[in-house]
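Kindly generate the corresponding structure for this input.
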Amino acid sequence: MSKYIHVSVAWPYSNGDLHVGHLAGAYLPADIFARYHRLKGNQVLMVSGSDTHGTPISVEADKRGISPREVFEKYHERFLLTQQKLGISYDLFTHTDTENHHRIAQDIFTLLLERGFLYLEKQQLMYSEKERRFLPDRYVEGTCYICGFTSARGDQCDNCSNLMDATRLINPRSKNDPTDALIVRESEHYFLDLSKFADVLLRYLDRHESHWRPNVVRFSRNFIGEGLRGRPITRDIDWGVPVPLEGWGDKRLYVWFDAVMGYLTASIEWAKNIGQPDAWKQWWYNPEAEIYNFIGKDNIPFHTVIWPAELLGIDGVYNDTNGLSLPYDVPANEFMNIEGEQFSKSRNWAIWVPDVLERYQPDALRYYVAATFPETHDSDFAWEGFYNRVNGELLAAWGNLVNRMLSFAYKRFDGKVPTFDALTEADQAMIARSEAAFEEVGTLIEQVRLREALSVAMGVVREANAYLDGRKPWTTIKEDPADAARSVYAILRVIDNLNVVLAPFLPFSAQAVHEYLGYSGQIFGTQSIVEYQESERPHKGLTYDGSAAVGKWKKRALPQGQALNEPKALYTKLDPDIVAQEKGYLGQPREEHDIVV
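Residues are numbered from 1 along each chain as shown. Have a look, this model is predicted:
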C-alpha cells in the first residue's frame with residue numbers, strides 16, 4: 001500500500017544565486033528522498049519556493065539601489081533555471097509573493113488572533129536616526145551575547161545558531177553604515193504566544209524522538225527547556241505580507257512567521273494548479289501521511305517548535321494527533337564548508353551552483369555533494385576531493401562498468417542483450433547481490449541516511465567490477481562464446497538493477513543507461529518551468545511530473561535478445577588542473593552569467 005509522503009524544502013532567500021551549501025543542506029537531500037519514494041510507488045508532494053520577503057532581499061536591494069521586487073524576481077528566475085539544470089524535482093517551486101500565499105498567511109494571522117494565540121506588546125527595537133526608521137534585525141550586526149562571535153546578525157548568530165535579540169547585541173551597528181549610532185526605541189507589535197504550546201510540543205518531540213537525528217532533538221528540547229517566550233510576528237517594514245488590520249498599513253508580517261507557512265500554501269497552490277483544489281488535504285489532513293522538512297541546522301527551532309505551534313494554533317487544538325499534520329521528521333543537515341572555511345558571500349568564499357554547472361556535469365556535482373553530505377557533522381567541499389571522487393569513484397567504478405560492458409555487448413552480440421542456456425552460480429549470486437541492494441539502500445534512504453545509502457550502492461558497484469574481472473568475458477568469448485554470453489547477460493542484469501538503485505542520486509545518467517539498455521520512455525518523468533496566471537501577480541514556477549517513475553524500485557528482468565542502443569561515455573574525466581584553477585576562483589570578484597538549460 002502506498003504512503004503519502006510530503007517533502008517540504010527550505011525556502012531560499014531570493015537575494016543571490018544558490019551555492020553548494022544550499023545544495024548540501026536541503027535541496028539535494030530532499031530531491032534524492034523524493035525521487036526514491038516516487039520509484040517506490042508512494043504518493044509524493046515536494047514543494048518549496050523563493051522566500052521573497054526576507055530582510056536579506058531588502059539589504060541587497062538597498063546595496064544595488066533597486067527595489068526588493070527587482071531583486072527577488074531576478075533571483076527567483078535564476079533559482080528556477082539552476083534547479084531545473086540540476087534536476088531538483090519539485091512538484092511545485094513557487095514563491096511567497098503570490099496572491100495565494102498572501103491570502104492564506106493573512107487568514108492564519110486572523111485565525112490565531114481570534115483564538116487567543118496572539119497578543120499585543122510594546123517592543124524595544126533598534127532605530128536608526130540617520131535613516132529615520134526602525135531597522136529590521138538583518139540590518140543590525142554586533143557581538144553575540146552568548147558565544148562572543150563578533151559578526152552575529154540581529155536575528156540569529158551564525159556561529160552558535162541561537163536566535164538573537166538585536167537590542168542585546170554587544171556593540172550593535174548598522175549594516176548600511178557602521179558609523180550609524182543606533183538607539184533603542186519602542187514599537188508595538190503582535191506576538192505569537194509560544195508558551196501556550198510548550199507541553200504539547202514536548203509530547204510531540206517524545207513521539208518522534210526515536211527517528212529524529214540526535215542534534216535536532218537536543219536543539220529542540222533545549223530551546224523549549226529554556227522557556228518559550230512570545231515571539232514577534234509583525235515588523236516595522238514596508239516589504240512583505242501586509243498585516244490584515246486597520247491602522248497597520250506601515251507594518252508587515254515578520255518573514256519567519258509567514259515563510260514557514262509556504263509548505264502549506266504551496267501545497268494548496270499546487271492542488272489548484274492541477275485542477276483538484278482539495279488534493280492537498282491528502283497530506284495535510286491525513287494522519288497516515290508523513291511530512292518531512294528538509295532544512296539546514298540553523299533553521300531547526302523554526303521547524304520543530306515555531307511552525308508546529310502555528311499548525312496547532314490554526315486548528316485550535318492542544319494535541320499533536322488531530323487537525324493539520326505536523327512534521328513527521330526534520331532531517332536537518334549541518335553546514336558544508338568550502339576548502340576548510342565557512343561560506344562567506346561578502347568575501348565570495350563560495351561555490352556558486354550556476355557557475356560550476358557551466359563546467360561540470362550535474363550528476364558529477366550531485367555525486368560529490370551526496371557523498372559528503374553533512375548529515376551528522378559539518379563537512380567540507382574540497383576541489384581535490386571533487387576531482388578524486390568523480391574520477392576515482394563515479395567514473396572509474398560506475399561509469400567504467402557501464403561503458404565497457406554495454407559497449408562490449410553492443411559490439412560482440414549484434415547490438416542485443418545476449419541469449420544463454422543457464423547461468424552459473426557466480427552469475428546468479430551477483431544478480432542476487434544487486435537485487436538485495438534495493439532493500440538495503442531503500443531502508444537507508446527512508447531513514448534519511450543518504451550518504452550511507454550512496455556508499456552501500458557504490459559498494460555493490462565495486463563488487464560487480466570484481467565479479468566481472470573474475471569472469472573475463474572479453475577472454476572467454478574466444479574460447480567459450482556461450483559462457484561469455486552468460487556472464488555478459490548477468491552483468492547487464494546487475495547494471496540494470498544498480499541503475500535504478502543509483503537513479504535518485506544520478507538521474508541524468510540513469511536516464512542515459514535506461515536508454516542504452518534498450519528501454520523506451522522516461523525512468524523518472526518530466527520537469528518544466530510554467531507560468532501561472534493570477535489576477536495581479538502572474539509568476540513562474542518549476543513543476544515535475546513523476547508519474548513515469550511509479551513502481552520502478554524493484555528488481556529488473558532484462559529480456560534476452562532486447563535491442564541495445566549504442567552507448568556513449570557517461571561521465572567526462574576531470575583534468576587534475578581543475579583543482580588549482582577552481583581554488584583560484586575562490587575569493588575573487590564574481591560575474592553572473594546567463595543560465596542555459
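
Tell me the strands beside the lowest-mean-pLDDT helix or strand in the chain, with direction?
When the helices and strands of the chain are scored by mean pLDDT, DSSP states H and E, strand 133-134 comes last with a mean of 83. Strand pairing for strand 133-134, determined by DSSP bridges: strand 118-128 (antiparallel).

May I have the strand it pairs with as CSV, with CA atoms only?
C-alpha atoms of strand 118-128 as CSV (Å, rounded to 0.1, in the frame of the first residue of the first chain):
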residue,chain,number,x,y,z
LEU,A,118,-1.5,36.3,19.6
TYR,A,119,-1.1,39.3,21.9
LEU,A,120,0.0,42.9,21.6
GLU,A,121,3.1,44.2,23.3
LYS,A,122,5.5,47.1,23.0
GLN,A,123,8.9,46.0,21.9
GLN,A,124,12.4,47.6,22.2
LEU,A,125,13.9,47.7,18.7
MET,A,126,17.0,49.2,17.1
TYR,A,127,16.3,52.6,15.5
SER,A,128,18.5,54.5,13.0
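
any low-confidence regions in this structure?
317-322 (pLDDT under 70).

How about the most centrally placed residue in it, nearest residue that isn't a chain neighbour?
Residue closest to the average C-alpha location in the chain (C-alpha atoms, centre = their mean): residue 27, at 1.6 Å. Distance criterion C-beta to C-beta, 6 or more residues apart in numbering; nearest residue to residue 27, sequence neighbours excluded, is residue 88 at 5.4 Å. Placement of C-beta: from N, CA and C, glycine included.

The one you found: what secondary structure?
Using DSSP: H, G, I helix; E, B strand; the rest coil, the secondary structure recorded for residue 88 is coil.

Do a quick rundown of the strands in the stretch 301-450 of the chain.
Along the stretch 301-450 of the chain, counting by DSSP state E, counting those that start in this stretch, strands occupy 336-338, 379-381.

residues in contact with the first one?
When contacts are taken as C-beta atoms under 8 Å, 6 or more residues apart in numbering, the neighbours of strand 336-338 outside the stretch itself are 20-21, 24-25, 343, 349-351, 369, 372, 374, 378-381, 586.

Buried only: go through those for me.
Burial by neighbour count, 16 or more other C-beta atoms under 10 Å: within those this picks out 20-21, 24-25, 343, 349-351, 369, 372, 374, 379, 381.

a markdown table please, covering those residues and showing distance to residue 433.
Listed next are the buried ones among the contacts of strand 336-338 as a markdown table, based on distance: C-beta to C-beta, whole Å:
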| residue | distance to residue 433 |
| --- | --- |
| 20 | 33 |
| 21 | 36 |
| 24 | 30 |
| 25 | 33 |
| 343 | 40 |
| 349 | 43 |
| 350 | 41 |
| 351 | 36 |
| 369 | 27 |
| 372 | 26 |
| 374 | 30 |
| 379 | 29 |
| 381 | 32 |
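
Give me the contacts around the least confident helix or strand of the chain.
125-128, 185, 187, 235-236.

returning to that earlier point: show me the contacts for the residue nearest to residue 27.
27-28, 30-31, 542.

now, the most widely separated pair of those residues?
Maximum pairwise distance among the contacts of residue 88 (C-beta to C-beta): 15.1 Å, between 28 and 542.

with the contacts of strand 336-338 in mind, which one is nearest to residue 137?
residue 343 (20.0 Å).

Skipping its backbone neighbours, what lies nearest the closest one in space?
residue 21 (5.0 Å).

How much space separates that neighbour from residue 216?
Plainly put, residue 21 is 18 Å away from residue 216 if you go by C-beta to C-beta, to the nearest Å.

Please apply the same query to residue 113.
Distance check for residue 113 against residue 216: by C-beta to C-beta, it reads 30 Å.

Neighbour count: the two, which is higher?
Between residue 113 and residue 216, counted using other C-beta atoms under 10 Å, residue 216 has the larger neighbour count: 23 against 17.

Can you spell out which helices and strands pack onto the helix or strand where the more buried one lies?
Assigned by DSSP states H and E, residue 216 belongs to helix 214-225. For helix 214-225, the elements it packs on are helix 198-208, helix 300-301, judged by 3 or more C-beta pairs under 8 Å, 6 or more residues apart in numbering; DSSP states H and E.

Give me the helices and strands touching the longest one, please.
Here helix 198-208 touches helix 214-225, helix 307-315, going by 3+ C-beta pairs under 8 Å, 6+ apart.

Next, the angle from the first one to helix 198-208.
With axes from the mean of the first three to the mean of the last three C-alpha atoms, to 10 degrees as the basis, helix 214-225 and helix 198-208 are set at 160 degrees to each other.

Please apply the same query to the shortest one.
For helix 307-315 and helix 198-208, the angle between their directions (the same axes, to 10 degrees) works out to 120 degrees.

Output the contacting helices and strands for helix 307-315.
In terms of contacts (3+ C-beta pairs under 8 Å, 6+ apart), helix 307-315 is packed against helix 99-114, strand 183-192, helix 198-208.

Kindly recompute the last result at 6 Å.
Under the contact definition 3 or more C-beta pairs under 6 Å, 6 or more residues apart in numbering; DSSP states H and E, helix 307-315 sits against helix 99-114.

what about the closest residue to residue 560 other than its chain neighbours, neighbour count?
Leaving aside its sequence neighbours, residue 560 sits nearest to residue 419 (C-beta to C-beta, 6+ apart; 4.5 Å). Per other C-beta under 10 Å, the neighbour tally for residue 419 reads 13.

re the thing from before, and which of the buried ones among the contacts of strand 336-338 is nearest to residue 536?
residue 25 (33.1 Å).

The closest residue to the closest one other than its chain neighbours pairs with what?
Spatial nearest neighbour of residue 25, excluding adjacent residues (C-beta to C-beta, 6+ apart): residue 296 at 3.6 Å. Residue 296 has these beta-bridge partners by DSSP bridges: residue 333.

So the most far-flung residue of the chain relative to its centre versus residue 45, what's the distance?
Going by C-alpha atoms, centre = their mean, the residue of the chain most distant from its centre is residue 479, 52.0 Å out. Distance, residue 479 to residue 45, using C-beta to C-beta: 56 Å.

And the helices in the stretch 451-597 of the chain?
473-479, 481-502, 507-516, 577-585 (DSSP state H, counting those that start in this stretch).

And stretch 290-304, end to end?
Distance between the boundary residues of stretch 290-304 (C-alpha to C-alpha, to the nearest Å) amounts to 15 Å.
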